[in-house]
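Peer 1: Just to be clear, the model below is a prediction. Sequence and coordinates:
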Amino acid sequence: MVDLTEEERAAITATMKRVALLMDEIGWATPLADLTEPQVRALIEEAVEGFREAMSDIVRAQTPEVPF
C-alpha cells in the first residue's frame, strides 16, 4: 500500500466525484468485465486528469501569493 499524503488523499476524494459522474453515464450495474475499451480509457483518463487538477488546485491554494 502506498503511503499517501493528506493532499493526495484529498485529490483522490475529488477524483472519485468525477469518476462517479462518468459511472452514472456508463451505469453502476455494469460489471467491470463488460466495459468496452473506450469506457475503460475514459475512466482512466478521468481519474488521471481529475487527480492532476485536484493536486494542482491544492498546491495553488497552499502557495502564498507573491506580493509584487
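Peer 2: Noted; the coordinates are in hand.
Peer 1: Report the central residue of the chain.
Peer 2: The residue lying closest to the centre of the chain (C-alpha atoms, centre = their mean) is residue 15, at 2.4 Å.
Peer 1: Leaving out sequence neighbours, find the closest residue to it.
Peer 2: Once flanking residues are discounted, residue 15 sits nearest to residue 50: 3.7 Å by C-beta to C-beta, 6 or more residues apart in numbering. Glycine gets a C-beta too; all of them are placed from N, C-alpha and C.
Peer 1: Please verify my assumption that that neighbour contacts residue 19.
Peer 2: Yes - at 6.8 Å, residue 50 counts as touching residue 19 under the criterion of C-beta atoms under 8 Å.
Peer 1: Counting neighbours, go ahead and name the busier of these two.
Peer 2: residue 50 (20 against 17; other C-beta atoms under 10 Å).
Peer 1: Please give the element, helix or strand, for the more buried one.
Peer 2: Applying DSSP states H and E as the criterion places residue 50 in helix 37-62.
Peer 1: Could you do residue 25 as well?
Peer 2: Residue 25 belongs to helix 6-26 when assigned by DSSP H and E.
Peer 1: So for residue 63, what's the pLDDT?
Peer 2: At residue 63, the pLDDT value in this model is 87.
Peer 1: Quick check: it vs residue 52, distance?
Peer 2: To residue 52, residue 63 is 16 Å away according to C-beta to C-beta, to the nearest Å.
Peer 1: The two - which one has more neighbours?
Peer 2: residue 52 (12 against 8).
Peer 1: Please report the distance of that one from residue 46.
Peer 2: Look at residue 52 and residue 46: by C-beta to C-beta, they are 11 Å apart.
Peer 1: returning to what we had before: other SSEs contacting the helix holding residue 25?
Peer 2: Helix 6-26 is packed against helix 37-62, with contacts defined by 3 or more C-beta pairs under 8 Å, 6 or more residues apart in numbering; DSSP states H and E.
Peer 1: Give me the angle between the helix it packs on and helix 6-26.
Peer 2: Taking axes from the mean of the first three to the mean of the last three C-alpha atoms, to 10 degrees, one finds helix 37-62 and helix 6-26 inclined to each other by 150 degrees.
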